[in-house]
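# Can you look at this prediction? I've put the sequence above it.
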Amino acid sequence: MKKAIIIIVIVVVVLVFSFVAIRGCRTGGDSQIENTATVERGNISKTVVATGKIEPLYKAEIKSKIGGLINQFYVEEGNRVTVGQKLVEIIPGATPVEMVQARTEVKAAAYDKLVTERQYLRTKELKEQKLISSENYDQAKAIYDTAKARFYAAMAQLRVLEQGSNVESLAEGVEINDQDRLEIEKETREAIASMTLIAPISGIVLSRDTDKGSAVIPISSAYGGTVIMTLADVSEKHFRGDVDEADIGKVHLGLQARIYVEAYPDEPFNAELTHISPRGREEEDIINFEIRATVRDQENRLRVGMSADAELILEEHENVLVIPEGAIIYEDGKTYVNIQDDSVEEGRRKVEITKGISDGLRTEVLSGLEEGQVVVLPT
């Protein structure tokens, strides 16, 4: 009886261990089989990635040919402008010595004008009495006209230096009649117009870099001049970025691209490669080549200066069989994958395939697999 009980216990123990072992094997096999992917159809691209930002078609920094102070702005940041539109007015900055010289010039010019005017009027009377020749009259008139022009120019210059002060207060003791006032106003407007900067391109005001009353250094200075504002032609937008030297040989002009920006992460913008720099640029021992691509943005959603990534499409296939890159096994110069097959003891079977292009995550399958088959990924 005791012997029979021992035999029963041994049998039970053996059965329990067998059950646990079989279950463990099945669990292990199932875990491997669970790490699978289905062969499916999709689109796949072979690309080169470039990083950069969005730039306008043209950009112009507005500087002044004369030094002085900013008297008035006609546009503000974000405004649209057209070629020839007034942007800003510059008033020359005068030192006290220059102001004294300008007032002295006005007084001297006023005196010459007064003297030559009297001489002209006497000559005119003599000519009417036919006591002098026409040549003498013409000479006197020319001298008077020259003196008038000098006076008007001197008064206009002083007005500009005084930033538009009242004419009567500009030069003490100088008499100005209505006719003179009109001429001085005209000269002043022309002088100020020559100091008014106009837009060289149509576009938008990207930035206004100075304020009213700020000092302006002219372009001719050693510092290259003060940037007063920046204009940009945004009728076209460009992607400007860098491509690593290892990939630059793969790209060419006319290549299509997809541009991604953080503002619209799931909405790529189509673009076309229009420029490849002939010279590499070294930064931190890395050689990059600059590229530019024209971006199609009909809805004007992109903003200048946005950081962006570009996928330059080297090759693209649509509606092809694709599997995860990790499923591929390379042996003896050939490519294989394990497919799920319940008819064999291991639950999988290795088959040879012919692969196409890869995007780094997925690979195109040209032959060896069919849609819907299940591939087993290595654990």
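Looks like it arrived, so ask away.
# Give the residue spans of the protein that score low on pLDDT.
1-34, 93-94, 163-181, 187-194 (pLDDT under 70).
# Pop the domain breakdown of it in here.
47-55+235-317, 64-91+197-227, 96-194 (automatic domain parsing).
# can you redo those as JSON lines with distance to residue 36?
Backbone N, C-alpha and C define where each C-beta goes, glycine included. Below are the domains of the chain laid out as JSON lines (distance: least, CB to CB, whole Å):
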{"stretch": "domain 47-55+235-317", "distance to residue 36": "24"}
{"stretch": "domain 64-91+197-227", "distance to residue 36": "54"}
{"stretch": "domain 96-194", "distance to residue 36": "78"}
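# Serialize those domains to CSV and add fields for distance to residue 361 and mean neighbour count.
Formatted as CSV, these follow (distance: least, CB to CB, whole Å; neighbours: other CB atoms under 10 Å):
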stretch, distance to residue 361, mean neighbour count
domain 47-55+235-317, 12, 16
domain 64-91+197-227, 39, 15
domain 96-194, 63, 15
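# chain center to stretch 276-290, what's the gap?
Centre-to-centre, stretch 276-290 and its host chain are 19 Å apart (CA atoms, centre = their mean, to the nearest Å).
# In which helix or strand does the residue lying closest to residue 57 once chain neighbours are set aside reside?
The shortest distance from residue 57 to any non-neighbouring residue, by CB to CB, 6 or more residues apart in numbering, is to residue 236 (4.1 Å). Assigned by DSSP states H and E, residue 236 falls within strand 229-244.
# same for that strand, what does it pack against?
Packing partners of strand 229-244 (3 or more CB pairs under 8 Å, 6 or more residues apart in numbering; DSSP states H and E): strand 40-62, strand 203-208, strand 286-295, strand 307-324.
# Including distance to residue 252, could those go into CSV?
Formatted as CSV, those follow (distance: least, CB to CB, whole Å):
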stretch, distance to residue 252
strand 40-62, 11
strand 203-208, 30
strand 286-295, 11
strand 307-324, 9
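# nearest to residue 261, of the ones you listed?
Residue 261 lies closest to strand 307-324 among these, at 4.8 Å (CB to CB).
# Run the chain-centre distance for the closest one.
26 Å.
# likewise stretch 218-235?
With CA atoms, centre = their mean, you get 16 Å for stretch 218-235.
# Endpoints of that stretch, how far apart?
30 Å (CA to CA, to the nearest Å).
# How about residues contacting that stretch?
With CB atoms under 8 Å, 6 or more residues apart in numbering as the test, stretch 218-235 has contacts from 56-67, 70, 75, 77, 81, 87-88, 197, 199-210, 214-217, 300, 304.
# if we go to 7 Å?
56-67, 81, 87-88, 199, 201-210, 216-217, 304 (CB atoms under 7 Å, 6 or more residues apart in numbering).
# Could you tell me whether residue 364 really is in a strand?
Yes - under DSSP: H, G, I helix; E, B strand; the rest coil, residue 364 falls within a strand.
# Bridge partners for residue 324, pull those for me.
Note on residue 324: beta-bridge partners by DSSP bridges are residue 362.
# Settle this for me: it is touching residue 37, isn't it.
Yes - using CB atoms under 7 Å, residue 324 is in contact with residue 37, at 5.0 Å.
# what kind of secondary structure is residue 106 in?
Strictly by three-state DSSP, residue 106 counts as helix.
# That one and residue 156, how far apart?
Here the criterion is CB to CB, to the nearest Å. By it, residue 106 lies 10 Å from residue 156.
# same check, this time on residue 294
From residue 294 to residue 156 the distance is 48 Å (CB to CB).
# Equivalent analysis for residue 121, please.
25 Å.
# what sits up against stretch 75-82?
87, 199, 202-205, 207-208, 231.
# and of the helices and strands packed on strand 229-244, who's closest to residue 357?
strand 40-62 (4.4 Å).
# Give me the packing partners of that closest one, helices and strands only.
strand 229-244, strand 307-324, strand 348-358 (3 or more CB pairs under 7 Å, 6 or more residues apart in numbering; DSSP states H and E).
# Can I get the ones you listed in CSV including distance to residue 183?
As requested, these are exported to CSV (distance: least, CB to CB, whole Å):
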stretch, distance to residue 183
strand 229-244, 34
strand 307-324, 57
strand 348-358, 78
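# Strands of the stretch 101-250 of the chain, start to end?
196-198, 203-208, 215-216, 229-244 (DSSP state E, counting those that start in this stretch).
# Need the ones you listed in a markdown table (columns: distance to residue 140).
Output for the strands of the stretch 101-250 of the chain, formatted as a markdown table (distance: least, CB to CB, whole Å):
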| stretch | distance to residue 140 |
| --- | --- |
| strand 196-198 | 38 |
| strand 203-208 | 53 |
| strand 215-216 | 44 |
| strand 229-244 | 50 |
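# Let me know which of those strands is the nearest to residue 51.
Comparing these under CB to CB, the one sitting nearest is strand 229-244, at 5.4 Å.
# the inter-axis angle of the closest one versus strand 203-208?
If you take axes from the mean of the first three to the mean of the last three CA atoms, to 10 degrees, strand 229-244 sits at 90 degrees to strand 203-208.
# Outside of the helix or strand that strand 229-244 is followed by itself, list whatever touches it.
Following strand 229-244 in sequence order, the next helix or strand is strand 256-261 (DSSP H and E). Applying CB under 7 Å, 6+ apart, the contact partners of strand 256-261 are 239, 268-273, 293, 295, 302, 306, 308-313.
# at 10 Å what do you get?
45, 47-50, 52-54, 237-239, 241, 251, 266-273, 291, 293-297, 301-303, 306-314, 316 (CB atoms under 10 Å, 6 or more residues apart in numbering).
# following it, which helix or strand shows up next?
strand 264-276.
# who does that next one touch, helix- and strand-wise?
strand 229-244, strand 256-261, strand 286-295, strand 307-324 (3 or more CB pairs under 10 Å, 6 or more residues apart in numbering; DSSP states H and E).
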